[in-house]
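*Asks:* predicted structure and sequence below. I'll ask about it afterward.
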Amino acid sequence: MQYTNPQIPEGINTSESHPLKEFFILTGGVIAIVVISFYLLIVTVDFFADKIPFAWEQSIPLESLLESDTAEAPAYLERLTQQVAADMALPQDMQVTLHYVNSDTVNAFATLGGHMVLHRGLLEKLRSEDELVMVIAHEIAHLKYRHPISAASHSLLAMMVLSLFTSSADDILNRLMGTSGLLTLMKFSRDYEHRADAAAVDVLLGRYGHAQGAVGLFEVFKAERGGSEPLEFLNTHPLTERRIQRALELAEKQSGLPAEQSADKKMQPLPAEFTRWLAAQSASQALDKSTTP
Amino acid sequence: MVDLIIFIVLLFLGYGFGRAAEASHYKSIRKRERFLNRIPAIASRIPPYGEPNFDSQLVSGNVVISVDYFKRFSATLRNFFGGRVTSYESLLDRARREAVLRMKQEARSLGATMVFNIKFETASIHKGNGNTIGSIEVLAYGTALIPNNIEVAHTANLMR
């Protein structure tokens, strides 16, 4: 009896297919599933979100949270806010509450319950009333379209869905799914920004007849960013360049005035009283900082 | 964001190193398999030759191979969709063949002509550690048949 071992033929116990091919198909599959299901869920949620009564939003106790570091806003800001709100034809039951925060943060935001928060850091960067109106109108537009409640619903939904899916799976897979879900949410966030920009440009056109305030504000952002912007799909806000583009296009369409002609329109200066007040705020903040260890 | 970049870098490193390691390992396995083919390893439990002519001794070969980041990620995706976990198939194939080769190597150093009754043990040595290690162990063992001194000449004659 003769005993031999044959040479083991390759490709029986292992697969000949290229590992990268499998990797891309599977990764693409996971991303596609997450993106598509998130997209459908968000569209569904959005349909219901703006049907939630505004009074419910108001009953969420955010006030205490917001007031911890807010200061008295000057009458000029209050007046401008109420004027813009009136221009935008808000729903009957909706009120805008203005909060002013004396901090260096260059930011403004609108949140649940009709609250709008302006930081001194942003106000200081503004060079005209047009730009200020653009900021206020943009934030009020978010409130008008119920973006805060939609965004809150999205995040809640995303967390629920992801925890459902990933409780049993691997950490790496969790991360992949979480990231693709987050990027899908960001797409919706960018759409909201465009919508709010468009509504704000309308307000600018109604008040001043041109939309230079929008261009001015976005240039402030651009200067703040220092010229470099990350890829758009990784961001909650659209690229500043694209926002300028859209504002100009919209202004041209609405007013019938070519963009080149509106470019030399003068912007309304900020009242001297307001700029003085801002300077005083900044000084008092600096004083606070130097006295507290 | 930083997380994502780290993840992609690890994936690329895992793929690059894992792929290179696997290719060179397979090359070495094929070469040594051809060389050690003269010592057959068979699964039969009954010794094939007349026992008095041979001494027998336990021989074993043991190997531990680690999975790379890329393979583990592919396998995770497979856990989600189902199907052949091809990234682990090649890993286990390499481990089994390497274990047999090491066993045969030991048999050869003892002057054995064949190994019978070979068996395999497989273990993953990351149990209880989540996905921190992720290595597999394969042990191959069997009984080597070593011709007695007198018989060496005899078998040598037979083979001539």
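*Replies:* Received, thanks. Residues are numbered from 1 along each chain as shown, chains lettered A, B, ... in the order given.
*Asks:* buried set for stretch A:140-154?
*Replies:* When burial is assessed from 16 or more other Cβ atoms under 10 Å in any protein chain shown, stretch A:140-154 yields the following buried residues: A:140-151, A:153-154. Heads up, the C-betas are built off the backbone N, CA and C, glycines and all.
*Asks:* any chance of JSON lines for the residues you listed, columns distance to B:Val67, secondary structure and pLDDT?
*Replies:* Conversion of the buried residues of stretch A:140-154 to JSON lines gives the following (distance: Cβ to Cβ, whole Å; DSSP: H, G, I helix; E, B strand; the rest coil; pLDDT from 0 to 100):
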{"residue": "A:Ile140", "distance to B:Val67": "55", "secondary structure": "helix", "pLDDT": "93"}
{"residue": "A:Ala141", "distance to B:Val67": "52", "secondary structure": "helix", "pLDDT": "93"}
{"residue": "A:His142", "distance to B:Val67": "48", "secondary structure": "helix", "pLDDT": "92"}
{"residue": "A:Leu143", "distance to B:Val67": "52", "secondary structure": "helix", "pLDDT": "91"}
{"residue": "A:Lys144", "distance to B:Val67": "54", "secondary structure": "helix", "pLDDT": "91"}
{"residue": "A:Tyr145", "distance to B:Val67": "49", "secondary structure": "coil", "pLDDT": "90"}
{"residue": "A:Arg146", "distance to B:Val67": "49", "secondary structure": "coil", "pLDDT": "90"}
{"residue": "A:His147", "distance to B:Val67": "45", "secondary structure": "helix", "pLDDT": "91"}
{"residue": "A:Pro148", "distance to B:Val67": "46", "secondary structure": "helix", "pLDDT": "89"}
{"residue": "A:Ile149", "distance to B:Val67": "46", "secondary structure": "helix", "pLDDT": "89"}
{"residue": "A:Ser150", "distance to B:Val67": "43", "secondary structure": "helix", "pLDDT": "89"}
{"residue": "A:Ala151", "distance to B:Val67": "40", "secondary structure": "helix", "pLDDT": "89"}
{"residue": "A:Ser153", "distance to B:Val67": "40", "secondary structure": "helix", "pLDDT": "87"}
{"residue": "A:His154", "distance to B:Val67": "37", "secondary structure": "helix", "pLDDT": "87"}
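*Asks:* now do the closest residue to B:Asp68 other than its chain neighbours: how many residues are near it, please.
*Replies:* Leaving out its chain neighbours, the residue that sits closest to B:Asp68 by Cβ to Cβ, 6 or more residues apart in numbering or on different chains is B:Gly18, at 3.3 Å. Counted with other Cβ atoms under 10 Å in any protein chain shown, residues neighbouring B:Gly18 total 21.
*Asks:* name the element B:Gly18 belongs to?
*Replies:* helix B:2-35 (DSSP states H and E).
*Asks:* tell me the first helix or strand C-terminal of that helix.
*Replies:* Helices and strands here follow DSSP H and E; after helix B:2-35, the next one along the chain is strand B:54-66.
*Asks:* now find how far off-centre that following strand is within its chain.
*Replies:* Counting by Cα atoms, centre = their mean, to the nearest Å, strand B:54-66 is centred 10 Å from the centre of its parent chain.
*Asks:* swap in stretch A:146-162?
*Replies:* 14 Å.
*Asks:* would you map the strands across chain A?
*Replies:* A:70-71, A:97-101, A:108-111, A:115-119 (DSSP state E).
*Asks:* mean pLDDT lowest where, among those strands?
*Replies:* When the strands of chain A are compared on mean pLDDT, strand A:70-71 scores lowest, with a mean of 73.
*Asks:* per-residue pLDDT of B:Ile6, please?
*Replies:* Looking at B:Ile6, its pLDDT reads 85.
*Asks:* before we move on, what about B:Asn53?
*Replies:* B:Asn53 is assigned a predicted lDDT (pLDDT) of 74.
*Asks:* kindly report the same for the one 4 residues further on.
*Replies:* Among the per-residue scores, B:Gln57 shows a pLDDT of 92.
*Asks:* what residues does the nearest residue to it once chain neighbours are set aside make contact with?
*Replies:* By the measure of Cβ to Cβ, 6+ apart, the closest residue to B:Gln57 outside its immediate chain neighbours is B:Ala144, 5.1 Å from it. For B:Ala144, the contacting residues are B:56-59, B:106-107, B:110, B:112, B:114-115, taking Cβ atoms under 8 Å, 6 or more residues apart in numbering or on different chains as the criterion.
*Asks:* so which of those residues comes closest to A:Met116?
*Replies:* Nearest to A:Met116 among those is B:Glu106, at 78.7 Å by Cβ to Cβ.
*Asks:* am I right that the closest one is in a helix?
*Replies:* Yes: secondary structure assignment places B:Glu106 in a helix (DSSP: H, G, I helix; E, B strand; the rest coil).
*Asks:* number of residues surrounding it?
*Replies:* As a burial measure, the neighbour count of B:Glu106 was computed by other Cβ under 10 Å and equals 18.
*Asks:* quick revisit: single out the most deeply packed of the strands of chain A.
*Replies:* Comparing the strands of chain A on average neighbours per residue, with mean count of other Cβ atoms under 10 Å in any protein chain shown, the densest one is strand A:115-119 at a mean of 21.
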